[in-house]
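Peer 1: Sequence and predicted model, in that order:
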Amino acid sequence: MAEEAAAPNSPFQEINREEDAGAAFVLESKGKWYHAGFHLTTAIVGPTILTLPYAFRGLGWWVGFLCLTAMGVVTFYSYYLMSLVLDHCEKAGRRHIRFRELAADVLGSGWMFYFVIFIQTAINTGISIGAILLAGECLQIMYSNLFPNGALKLYHFIAMVTVIMILLSQFPSFHSLRHINLGSLVLSLAYTFIVVAACINAGASKNAPPRDYSLESSASSRVFSAFTSISIIASIYGNGILPEIQATLAPPAAGKMVKGLIMCYAVIFLTFYSAAVSGYWVFGNKSNSNILNSLMPDEGPPLAPVWLVGPAIVFVLLQLFAIGLVYSQVAYEIMERKSADVSKGIFSKRNLIPRIILRSLYVIVCGFFAAMLPFFGDISAVVGAIGFIPLDFVLPMLLYNITHKPKKSSLAYWVNNSIIIVFTCVGILGAFSSIRKLVQDAKEFKLFSSDVVD
């Protein structure tokens with residue numbers, strides 16, 4: 001890593017934190033290691049795990065297990081390396097609180113700063129859209145069971161969710177979400193175990209669907225489906241905001257992030273495998289992009305008791321608000337850095353009014369696209385391929401190799417480069433197959449449809 005100070009006009013030069021409203025307000029550094037664990041778990045363990053049976057249907061049992069496990073090992077290793085890079089920079093007197101500044105500083109390239117901004121924007125916006133869309137779908141599921149002939153459509157519920165998200169978006173800082181994200185962790189465990197119980201009940205009932213685990217008949221379709229599924233799994237494991245999460249830790253942050261990672265991956269182990277196995281076991285290649293829809297189909301009797309699935313839907317709905325908040329923090333930090341005056345105070349009229357306006361507009365735009373393009377499974381795949389794979393599977397290894405300079409004969413050097421090469425290829429192929437499916441679905445369904453597309 002270049003130890004010299006960045007050039008005065010460099011977009012990634014070290015900013016005086018006392019004059020940086022984004023750092024002072026949104027990324028304030030007051031948290032404990034377990035707070036980082038709460039943030040990480042909310043960023044990774046979300047309702048997207050309910051798409052795992054859908055991802056398995058494009059891979060089958062053994063390849064699905066292999067990909068789920070490999071992605072888990074690689075992402076834990078990747079996040080561990082990223083924490084080492086951040087610790088290395090902090091010990092050298094250059095604590096980075098933004099992914100884009102870290103990447104630009106270590107790689108010594110101004111264009112990398114804007115590349116990471118673009119990728120993070122794609123991730124944050126994609127997940128914000130997906131969170132609002134899935135929350136609207138949860139409300140629609142509850143409504144359709146209470147009022148089977150009701151007149152409200154999906155976009156009505158998306159509008160309701162958007163209004164709630166506008167109110168919640170006014171939490172001023174990432175650190176202020178720590179209690180919400182603890183609740184999010186508990187909710188993820190609760191609804192996962194409920195869904196597992198519901199799937200077991202569905203599989204044992206007399207109305208259990210016929211089990212078919214065969215893949216698509218066409219070889220080309222199997223390949224495209226496989227890479228789409230891999231992209232979905234990548235997006236489920238990804239977060240793309242680890243430096244921003246580590247920024248919430250009170251200095252010195254060295255070593256604290258590893259404890260948060262261990263907490264997060266303990267929850268991952270409990271939730272990911274149980275949801276994937278139980279859902280795919282029951283529904284096989286008929287798995288929906290939201291397993292709750294498979295349990296509560298539009299036609300035919302429900303495959304699980306409403307009293308059991310109902311709480312799970314409520315828990316998913318509540319956690320989606322936390323996820324939307326977490327992934328909006330980078331966008332809010334950028335807004336605050338440009339619009340706020342750090343000398344006026346976080347709740348001063350000068351800063352409060354722009355915050356309310358800008359954050360509300362951001363949420364409204366995300367809600368509009370969620371209502372217009374209800375492609376939840378496809379959105380997950382595209383975000384995974386274009387966003388998470390570069391940030392979570394490629395850049396951390398590259399940054400580690402540059403900062404720590406492992407010997408070319410070392411195992412770490414070859415493992416890191418192998419991961420970079422493999423996942424660069426997977427990302428390119430996954431992006432192509434995911435966008436292809438998104439385009440196909442866009443041709444078949446109307447804008448502002450009342451059904452979420454698989």
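Peer 2: The structure has been received and is ready for your questions. Numbering: from 1, shown residues only.
Peer 1: And the helices in the stretch 201-350 of the chain, which stretches?
Peer 2: Assigned by DSSP state H, counting those that start in this stretch, the helices in the stretch 201-350 of the chain fall at 219-237, 242-247, 256-283, 291-295, 306-339, 349-372.
Peer 1: Can you pull out the residues in contact with stretch 348-357?
Peer 2: Stretch 348-357 has contacts (CB atoms under 8 Å, 6 or more residues apart in numbering) with 21, 25, 170, 172, 332, 335-336, 339-341, 344-345. (Glycine included, C-beta is placed from N, CA and C.)
Peer 1: okay, and for this protein, where does confidence drop off?
Peer 2: 1-18, 374-385, 441-454 (pLDDT under 70).
Peer 1: now do 50
Peer 2: 1-15 (pLDDT under 50).
Peer 1: For the residue of it positioned farthest from its centre, grab phi and psi.
Peer 2: Most distant from the centre of the chain: Lys206, at 36.5 Å, with distances by CA atoms, centre = their mean. Lys206 adopts backbone torsions of phi -70, psi -20, taken as degrees, to the nearest 10.
Peer 1: for Gly31, same thing?
Peer 2: phi -80, psi 160.
Peer 1: can you tell me how far it sits from Ile180?
Peer 2: In this view, Gly31 and Ile180 are 13 Å apart by CB to CB, to the nearest Å.
Peer 1: Neighbour count: those two, which is higher?
Peer 2: Comparing Gly31 with Ile180 by neighbour count (other CB atoms under 10 Å), the higher total belongs to Gly31, at 23 against 19.
Peer 1: Tell me the bridge partners for the more buried one.
Peer 2: Leu249 (DSSP bridges).
Peer 1: which residues does it contact?
Peer 2: Neighbours of Gly31 in contact, by CB under 8 Å, 6+ apart: 39, 175, 178, 248-250.
Peer 1: Closest one to Leu134 out of the residues you listed, please.
Peer 2: His39 (19.9 Å; CB to CB).
Peer 1: The closest one reaches Val326, doesn't it?
Peer 2: Yes. Look at His39 against Val326 with CB atoms under 8 Å: they come within range, at 6.4 Å.
Peer 1: Mind listing the shared neighbours of those two?
Peer 2: Common neighbours of His39 and Val326, using CB under 8 Å, 6+ apart, are 174, 177, 181.
Peer 1: Serialize the residues you listed to a markdown table and add fields for distance to Val314, secondary structure and neighbour count.
Peer 2: Formatted as a markdown table, those follow (distance: CB to CB, whole Å; DSSP: H, G, I helix; E, B strand; the rest coil; neighbours: other CB atoms under 10 Å):
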| residue | distance to Val314 | secondary structure | neighbour count |
| --- | --- | --- | --- |
| Phe174 | 26 | coil | 29 |
| Leu177 | 20 | helix | 23 |
| Asn181 | 18 | helix | 23 |
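Peer 1: can you tell me which of these lies nearest to Val161?
Peer 2: Leu177 (17.8 Å).
Peer 1: For the closest one, list the residues it contacts.
Peer 2: Leu177 neighbours (CB under 8 Å, 6+ apart): 39, 42, 171, 322, 325-326, 329.
Peer 1: Among those, which one is most surrounded by other residues?
Peer 2: Those, ranked by neighbours (other CB under 10 Å): first place His39, 33 neighbours.
Peer 1: quick one: Arg359 and Leu168 touch, right?
Peer 2: No. Contact between Arg359 and Leu168 fails when scored by CB under 8 Å: they sit 9.7 Å apart.
Peer 1: more crowded one of those two?
Peer 2: Arg359 (22 against 16).
Peer 1: Apart from its neighbours in sequence, what residue is nearest the more buried one?
Peer 2: The spatially closest residue to Arg359, leaving aside those adjacent along the chain, is Ser169, at 4.3 Å (CB to CB, 6 or more residues apart in numbering).
Peer 1: can you give me phi and psi for the one you found?
Peer 2: phi -70, psi -10.
Peer 1: quick one: it from Ala331, how far?
Peer 2: Relative to Ala331, and taking CB to CB, Ser169 is found at 10 Å.
Peer 1: quick one on the thing from earlier: which ones are touching the residue nearest to Arg359?
Peer 2: 325, 328, 332, 359-360, 362-363.
Peer 1: Ok, Leu358 next?
Peer 2: By CB under 8 Å, 6+ apart, Leu358 lies in contact with 332, 335, 339.
Peer 1: how about those in JSON lines, adding distance to Gly60?
Peer 2: Listed next are these as JSON lines, based on distance: CB to CB, whole Å:
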{"residue": "Tyr332", "distance to Gly60": "41"}
{"residue": "Met335", "distance to Gly60": "44"}
{"residue": "Ser339", "distance to Gly60": "50"}
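Peer 1: which of these has the most neighbours?
Peer 2: So for the contacts of Leu358 (other CB under 10 Å), the most neighbours sit at Tyr332, 25 neighbours.
Peer 1: which one is that one nearest to, not counting chain neighbours?
Peer 2: Computed as CB to CB, 6+ apart, the closest residue to Tyr332 that is not its neighbour in sequence is Val26, at 5.4 Å.
Peer 1: same deal with Val195?
Peer 2: Ala312 (5.5 Å).
Peer 1: roughly how far apart are the residue nearest to Pro47 when sequence neighbours are not counted and Phe432?
Peer 2: Among residues not flanking Pro47 along the chain, Val316 sits closest, at 4.7 Å (CB to CB, 6+ apart). Going from Val316 to Phe432 by CB to CB gives 31 Å.
Peer 1: of these two, who's got more company?
Peer 2: With neighbours defined as other CB under 10 Å, Val316 and Phe432 compare such that Val316 has more, 26 against 15.
Peer 1: for the more buried one, what are its contacts?
Peer 2: Per CB under 8 Å, 6+ apart, neighbours of Val316: 47, 50, 134, 138, 187, 191, 292.
Peer 1: Next, count neighbours for the fifth one.
Peer 2: Each residue near Leu187 was counted by other CB under 10 Å, and the total is 23.
Peer 1: returning to that earlier point: mutual contacts of Ser169 and Ala331, please.
Peer 2: Tyr362.
Peer 1: The lengthiest helix in the chain to helix 219-237, inter-axis angle?
Peer 2: In the chain, taking DSSP state H as the definition, the longest helix is helix 110-146. Orientation of helix 110-146 against helix 219-237 (axes from the mean of the first three to the mean of the last three CA atoms, to 10 degrees) gives an angle of 100 degrees.
Peer 1: Next, work out how far apart the residue lying closest to Gly46 once chain neighbours are set aside and Ile428 are.
Peer 2: Leaving out its chain neighbours, the residue that sits closest to Gly46 by CB to CB, 6+ apart is Ile323, at 4.8 Å. Ile323 is 27 Å from Ile428, where distance means CB to CB.
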